[in-house]
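In: need coordinates for the following:
(chains A and B)
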Amino acid sequence: MTFEKRRAKTKQEIPTTSMPDIVFMLLMFFMCVTTMREVDVLVQFKLPEAKAIEKIENKRLVSYIWVGKDRKIQINDSLVDLGKVEELMYLKRKALPEVIVSLRSDQSVDMGLITDIQQALRKAYCLRINYSAMIKV
Amino acid sequence: MIKKRKIPDAEIPTASQADLAFLLLLFFLVSTVIDVDTGLGLTLPEYVPPDEQIEVKVDPTRMAAVLVNENGEVLIDGNIVPVFKIKDLLKPRIESKISLPLNKKMIVSLKTDRKTVYNIYIAALDQIKQAFFEVRDEYSNGKFGKKFNDLNQEQQEDVKDAVPIIISLAEPESIKK
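Out: Numbers count the residues shown, from 1 in each chain, chains lettered A, B, ... in the order given. Got it, this is the predicted structure:
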């Protein structure tokens, strides 16, 4: 009597012909989602934490101001003086009237500087601002 | 007799296509930053030159003045309170003004010293916003049985009308000598 190994008659292979398609689909997703970093941040900062946080829905409207822990201010690609903030932001607002200014400031900066920036923003008529903060857990 | 010439196979090898796609995929996976901008939103008041500023008298009962000094101590209407208590103190006062018309709603005024640390300012602002958000949530829960974020546009507007977030940033004063 011979013993026969029981074997399923069906093929035991995973079809790989459609694998490229699946990978391409994933690829497409990541290509759509990716936003390349546009600017080099030249200042060092650690964002404060907060709970009552809102998301900015429309990323196109956002314009950033970085404030480092050494009180340096960065707009666009370069470090700027406090006196230049108003002029620069006015140009931004002219190009995009409903601009939202996201203030990415270090948590140890004093309010004097922040107030000065805010006054400059008010003069430049950029009234919608957002204090960037991390979610506190 | 004409020999039929054999047509060579004109196929692109697709076996490595998956590898190529994976390579691209890996690149995008690594370079993707899905960071959503989160933060505390605020609308600044319009700039008015100092000589054109008019003082408007506001009923003191609808006003809560939150003062933060350079040491991070918080003063609400003359009483020293810890930062994390701001929310609990403001909530009942906001709630008591829900049924009143818009010109009688609660105003929270936030004022800081020039030497106050930004972190504490954000903490105080966060507390104030939380107070407003929680009152909104409770109001919408009582009226529609849902949280504010789950309401539709119309209902949200309704809640926003009932509980508007009015945060006033005090005009910076010039330093007196």
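In: tell me the secondary structure at residue B:67.
Out: strand (DSSP: H, G, I helix; E, B strand; the rest coil).
In: my read: it touches residue B:74, true?
Out: Yes: between residue B:67 and residue B:74 there is a contact at 7.1 Å, judged by C-beta atoms under 8 Å. (Glycine included, C-beta is placed from N, CA and C.)
In: just the helices in chain B please.
Out: B:17-31, B:86-95, B:118-144, B:153-162 (DSSP state H).
In: now chain A
Out: A:19-33, A:82-95, A:111-123.
In: let me see the mean pLDDT of the longest one.
Out: Okay, so that is helix A:19-33. Taken as a whole, helix A:19-33 has an average pLDDT of 82.
In: quick one: it near chain B?
Out: Yes: Helix A:19-33 is in contact with chain B by C-beta under 8 Å from any C-beta of the partner chain, via A:19, A:20, A:23, A:24, A:26, A:27, A:30, A:31, A:33.
In: greatest separation within those residues: which pair is it?
Out: Spanning the widest gap among the residues of helix A:19-33 next to chain B are A:19 and A:33, at 21.4 Å by C-beta to C-beta.
In: could you pull out the buried residues of stretch A:53-60?
Out: A:53, A:56 (16 or more other C-beta atoms under 10 Å in any protein chain shown).
In: which one of the residues of helix A:19-33 next to chain B is nearest to residue B:29?
Out: residue A:30 (5.9 Å).
In: that closest one contacts residue B:25, doesn't it?
Out: Yes: using C-beta under 8 Å, residue A:30 is in contact with residue B:25, at 6.7 Å.
In: how about residue A:66, nearest residue that isn't a chain neighbour?
Out: If the residues on either side of it in the chain are set aside, residue A:66 comes closest to residue A:74, at 4.1 Å by C-beta to C-beta, 6 or more residues apart in numbering or on different chains.
In: what's the neighbour count on residue B:15?
Out: Residue B:15 is flanked by 8 other residues according to other C-beta atoms under 10 Å in any protein chain shown.
In: same deal with residue A:99?
Out: Neighbours of residue A:99 under the rule other C-beta under 10 Å: 21.
In: residue contacts, it?
Out: By C-beta atoms under 8 Å, 6 or more residues apart in numbering or on different chains, the contact list for residue A:99 reads A:61, A:62, A:63, A:92, A:93, A:126, A:128.
In: and the fourth one, what's its pLDDT?
Out: On the pLDDT scale, residue A:92 is placed at 89.
In: before we move on, what about residue A:130?
Out: Looking at residue A:130, its pLDDT is 90.
In: was I right to think it contacts residue A:57?
Out: No: here residue A:130 does not reach residue A:57: they are 11.4 Å apart, not a contact under C-beta under 8 Å.
In: about what we covered before: hey, which of the helices of chain B is tucked in deepest?
Out: helix B:118-144 (a mean of 20; mean count of other C-beta atoms under 10 Å in any protein chain shown).
In: got the angle for that one vs helix B:153-162?
Out: For helix B:118-144 against helix B:153-162, the angle by axes from the mean of the first three to the mean of the last three C-alpha atoms, to 10 degrees is 120 degrees.
In: where's residue A:103 relative to chain B, distance?
Out: 8 Å (C-beta to the nearest C-beta, to the nearest Å).
In: who's in contact with that residue?
Out: A:65, A:67, A:114, A:117, A:129, A:130, A:131, A:132, B:39 are the contacts of residue A:103 under C-beta under 8 Å, 6+ apart.
In: show the pLDDT at the residue nearest the centre of chain B.
Out: Geometric centre of chain B, nearest residue: residue B:40, 3.1 Å, by C-alpha atoms, centre = their mean. Per-residue pLDDT puts residue B:40 at 87.
In: show me what contacts the closest residue to it other than its chain neighbours?
Out: Spatial nearest neighbour of residue B:40, excluding adjacent residues (C-beta to C-beta, 6+ apart): residue A:131 at 4.5 Å. Taking C-beta under 8 Å, 6+ apart, we find residue A:131 in contact with A:48, A:50, A:103, A:105, B:39, B:40, B:42, B:122, B:125.
In: thank you kindly, that will do.
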